[in-house]
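Asker: kindly generate the corresponding structure for this input.
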Amino acid sequence: MADLFADELPHDSRADAPRDDAPLADRLRPRVLGEVIGQDHLTGPEGAIGRMVAAGRLSSMILWGPPGTGKTSIARLLADAVGMRFISVSAVFSGVADLKKAFAEADKAAQAGQRTLLFVDEIHRFNRAQQDGFLPFVERGTVTLVGATTENPSFELNAALLSRAQVLILERLDHEALGNLLDRAEELEGPLPLTPEAREALVASADGDGRFLLNQAETLYNAQIPEPLDPAGLGKFLQRRVAVYDKDREGHYNLISALHKSLRGSDPQAALYYLARMLVAGEEPLYVLRRLVRFASEDIGLADPQALVQCLAAKDAYDFLGSPEGELAVVQACLYCATAPKSNAAYKAQKAAWRSAKETGSLMPPQNILNAPTKLMKDIGYGAGYAYDHDAAGGFSGADYWPEQMEPQSYYSPVERGFEREIAKRIDYWNKLRAERGD
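Answerer: Sure thing, here's the model as predicted:
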């Protein structure tokens with residue numbers, strides 16, 4: 001069963017049966033891996049954990065997943081399943097002295113032929129030097145490390161530590177798994193004081209967090225409600241779980257990436273959903289507007305020049321109105337960008353031009369297009385022979401503006417979409433005139 005649930009045990013202590021007055025989540029803690037809910041891809045016979053247990057040998061691992069998905073329970077049950085000694089530390093409450101003590105205990109146990117599973121909760125909270133301290137003990141087998149983290153290990157854990165451990169990803173509990181969890185609670189405590197519709201609303205309110213769901217259920221049991229609550233009554237009695245969203249963590253970058261790619265894929269409905277996810281979770285609207293302004297240049301460009309204007313106007317509107325009224329302008333800009341014709345021609349042209357500028361160094365432009373503010377500069381040829389385009393036929397001279405040591409380049413290639421289709425026609429026309437006048 002997905003737990004999530006148990007409190008930190010003392011060092012070298014197994015998960016004994018909980019007290020009768022223990023929290024509901026603790027009393028429903030799984031006793032064997034087969035009772036873990038929602039992580040069959042890991043704990044099942046074909047899963048990485050299932051295979052290791054069947055072989056009787058564990059590798060060091062990092063359990064990565066959202067809160068309330070079973071990381072702590074799985075670690076405890078792993079030790080039981082293969083007959084290992086279990087030590088648990090928390091990176092929030094433990095320091096170097098605690099780790100040294102744990103390693104010393106593991107060394108003594110190893111000398112007596114007893115293997116140790118060291119569970120480190122919130123392992124990402126240890127700094128880089130502390131993480132390096134695990135390496136020699138993991139390498140020589142003093143401990144089998146099982147770390148738990150809600151943060152992306154790629155960003156939060158040392159590469160050296162990651163190279164010595166498997167990263168196993170736990171999934172947020174889906175609707176069915178959360179429903180099964182409530183079924184177990186009702187088997188133990190009796191029916192919840194909820195209508196069927198309210199029960200569904202309670203499951204939805206947990207947002208994939210099993211521990212939160214059981215804590216909510218326990219609150220309902222303790223309240224001794226005389227009549228079943230409907231969804232409206234439940235909403236007044238309990239609060240929804242606040243969406244997990246740390247502005248400087250991976251969830252933030254996942255959502256902005258999803259918004260950007262939905263916009264690029266011209267899906268206004270999905271783009272609006274991810275925009276709502278960010279703003280409802282408390283993201284600063286001006287941050288989202290900055291990303292929309294960037295998108296307007298990077299992925300729309302001159303296919304619809306008004307996209308950039310719309311985004312900047314939305315920024316001004318939000319500055320003027322504030323929240324919540326100004327957020328409608330953010331929505332308008334988002335929908336405009338999602339439904340605009342797309343082109344990354346300007347983005348590609350920038351990258352190509354920047355690369356060319358770095359490669360060619362300090363080449364002088366041709367003298368005919370240089371200003372000549374002094375007599376000396378005029379005498380040595382600056383500006384001589386410059387063709388003033390407004391005086392040329394059709395307002396186009398077809399002159400060569402490139403440094404003499406450099407062949408003309410083509411950085412910008414308009415696409416056949418939106419306004420860039422017209423730009424492409426103009427460039428083709430000018431290229432034709434340039435070729436004719438060069439003959």
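Asker: how many neighbours does residue 75 have?
Answerer: With neighbours defined by other CB atoms under 10 Å, the count for residue 75 comes to 23. For glycine as for every other residue, the C-beta is placed from the backbone atoms N, C-alpha and C.
Asker: and the gap between residue 269 and residue 334?
Answerer: 11 Å (CB to CB, to the nearest Å).
Asker: out of the two, which sits in the busier spot?
Answerer: Using other CB under 10 Å, the more surrounded residue of residue 269 and residue 334 is residue 334, with 27 against 9.
Asker: enumerate every residue touching the closest residue to that one other than its chain neighbours.
Answerer: Nearest non-adjacent residue to residue 334, counting by CB to CB, 6 or more residues apart in numbering: residue 275, 5.1 Å away. Applying CB atoms under 8 Å, 6 or more residues apart in numbering, one finds that residue 275 lies in contact with 259, 288, 330, 331, 334.
Asker: now residue 186
Answerer: Taking CB under 8 Å, 6+ apart as the contact definition, residue 186 lies against residue 192.
Asker: buried sites along the strand or helix carrying it?
Answerer: Element membership for residue 186 (DSSP states H and E) is helix 175-189. Of the residues in helix 175-189, 177, 178, 179, 180, 181, 182, 184, 185 count as buried by neighbour count, 16 or more other CB atoms under 10 Å.
Asker: how about stretch 97-104?
Answerer: Residues of stretch 97-104 classed as buried by neighbour count (16+ other CB under 10 Å): 99, 102, 103.
Asker: wait, a helix at the first one?
Answerer: Yes - using DSSP: H, G, I helix; E, B strand; the rest coil, the secondary structure at residue 99 is a helix.
Asker: mind listing what's buried in the helix ranked longest in the chain?
Answerer: Across the chain, the longest stretch assigned as helix under DSSP state H is helix 420-438. Along helix 420-438, these residues count as buried under the neighbour rule (16+ other CB under 10 Å): 420, 423, 424, 433.
Asker: measure the residue nearest to residue 128 when sequence neighbours are not counted to residue 125 for me?
Answerer: On the basis of CB to CB, 6+ apart, the spatially nearest residue to residue 128 that is not a chain neighbour turns out to be residue 158, at 5.7 Å. Residue 158 sits 13 Å away from residue 125, going by CB to CB.
Asker: kindly report the same for residue 424.
Answerer: For residue 424, the distance to residue 125 (CB to CB) stands at 54 Å.
Asker: what of residue 110?
Answerer: Taking CB to CB as the criterion, residue 110 is separated from residue 125 by 27 Å.
Asker: kindly report the same for residue 141.
Answerer: 25 Å.
Asker: more crowded one of the two?
Answerer: For residue 141 and residue 125, the more surrounded residue by other CB under 10 Å is residue 125, and the numbers stand at 16 against 12.
Asker: neighbours around the residue nearest to the more buried one when sequence neighbours are not counted, how many?
Answerer: When the adjacent residues along the chain are set aside, residue 125 lies closest to residue 91, with 3.9 Å between them (CB to CB, 6+ apart). Residue 91 is surrounded by 21 other residues when neighbours are defined as other CB under 10 Å.
Asker: what of the one 5 residues further on?
Answerer: Taking other CB under 10 Å as the criterion, the count of residues near residue 96 is 11.
Asker: mind listing what's buried in the host helix or strand of residue 251?
Answerer: Under DSSP H and E, the secondary-structure element containing residue 251 is helix 250-264. Judged by neighbour count (16+ other CB under 10 Å), helix 250-264 contains these buried residues: 251, 252, 255, 256, 258, 259, 260, 262, 263, 264.
Asker: now for the longest helix of the chain, which elements pack on it?
Answerer: Counting contacts by 3 or more CB pairs under 8 Å, 6 or more residues apart in numbering; DSSP states H and E, helix 420-438 packs against no other helix or strand.
Asker: just the mean pLDDT for it, thanks.
Answerer: Model confidence over helix 420-438, given as mean pLDDT, is 90.
Asker: and stretch 227-238, which residues are buried?
Answerer: Applying a neighbour-count criterion of 16+ other CB under 10 Å, the buried positions in stretch 227-238 are 228, 229, 231, 233, 234, 237, 238.
Asker: just to revisit the earlier point, just flag the most distant two among the contacts of residue 275.
Answerer: Looking at those by CB to CB, the two members farthest from one another are 259 and 331, with 12.1 Å of separation.
Asker: distance check, the most centrally placed residue in the chain against residue 281.
Answerer: Central residue of the chain (CA atoms, centre = their mean): residue 254, 2.7 Å from the mean position. Distance, residue 254 to residue 281, using CB to CB: 12 Å.
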